[in-house]
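Asks: Provided below for reference: sequence and predicted model.
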Amino acid sequence: MLISACNGLDIEKFKVTVTIEDNGIRYTGSAVQGISCGSELKIGSVFLLGRSCRPFGEAVPIKLGNKGWVFMIFSGYSYYDGPADKMLGFSPLLYPSTIQATRSNEQPKRPWIVPAFRAPIFVRFGDLNNRRTVEQVDAEHLDKHFGRGVKLVSIQCEPTFLWVTRGKIRRLLPWLDELGTDKFDMTLANDYSNILTQIAPVNFRW
């Protein structure tokens with residue numbers, strides 16, 4: 001039998017652009033993000049270990065004029081269609097799967113759109129200096145949070161060779177440094193019981 005393993009990590013980068021409209025005026029925010037996937041162990045053509053993937057970079061901040069900032073964070077999406085999602089072969093609770101849910105397997109280098117109902121979690125803050133003023137925002141109904149006429153237009157992803165974005169989020173949210181570690185923890189990433197968990201460094205920067 002032939003036992004082999006892929007050495008190192010496979011790393012891929014893409015630019016994520018979020019467009020939101022406020023009564024005809026469009027606002028965009030973007031960030032170059034990356035996904036690194038670990039090795040696979042296989043005997044012959046049979047994989048024994050699945051690929052473990054994690055994102056790195058930063059969340060996407062969008063400034064909505066005088067209505068403040070909204071952030072699309074490193075998270076899964078809140079809607080879950082159990083059996084159907086499993087058939088599609090991804091875990092909706094984890095960001096690498098969520099952001100690539102509608103990506104073409106046949107043409108992976110082409111840009112793709114993430115529909116609103118599969119959007120990662122959006123949040124905003126009553127006070128950017130106080131993480132406890134966080135509020136989860138419904139991506140499909142932004143008008144409930146920002147007023148009539150505000151809506152998500154698109155989340156567009158495009159493979160790129162640009163440098164991964166660093167530093168935007170840190171300047172906007174100074175309390176991130178006070179939280180300590182950037183270590184990736186699957187249990188935290190999957191914990192939807194507390195929105196404060198979702199805005200830890202694990203979901204803002206890596």
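Replies: Thanks, I have it. Numbers count the residues shown, from 1 in each chain.
Asks: List the residue ranges of the chain that fall below the pLDDT cut-off.
Replies: Along the chain, the parts satisfying pLDDT under 70 run over 1-9, 39-52, 77-93, 180-193, 206.
Asks: Can you show me the helices along it?
Replies: Assigned by DSSP state H, the helices in the chain fall at 82-88, 95-99, 143-146, 168-172, 186-189, 195-198, 201-204.
Asks: Show me what the fourth one is packed against.
Replies: Helix 168-172 sits against strand 60-63, with contacts defined as 3 or more C-beta pairs under 8 Å, 6 or more residues apart in numbering; DSSP states H and E. From N, CA and C alone the C-beta is placed, and that goes for glycine too.
Asks: Tell me which residue is most central in the chain.
Replies: Nearest to the mean C-alpha position of the chain, counting by C-alpha atoms, centre = their mean, stands residue 74 at 3.4 Å.
Asks: Which stretches in the protein count as strands?
Replies: Secondary structure of the chain by DSSP state E: the strands cover 3-5, 10-22, 25-37, 41-43, 46-47, 53-56, 60-63, 69-72, 112-113, 122-125, 134-137, 150-159.
Asks: any idea how far the last one is from the chain center?
Replies: To tie it back to what came earlier, the one meant is strand 150-159. Here strand 150-159 is found 12 Å from its chain centre; the criterion is C-alpha atoms, centre = their mean, to the nearest Å.
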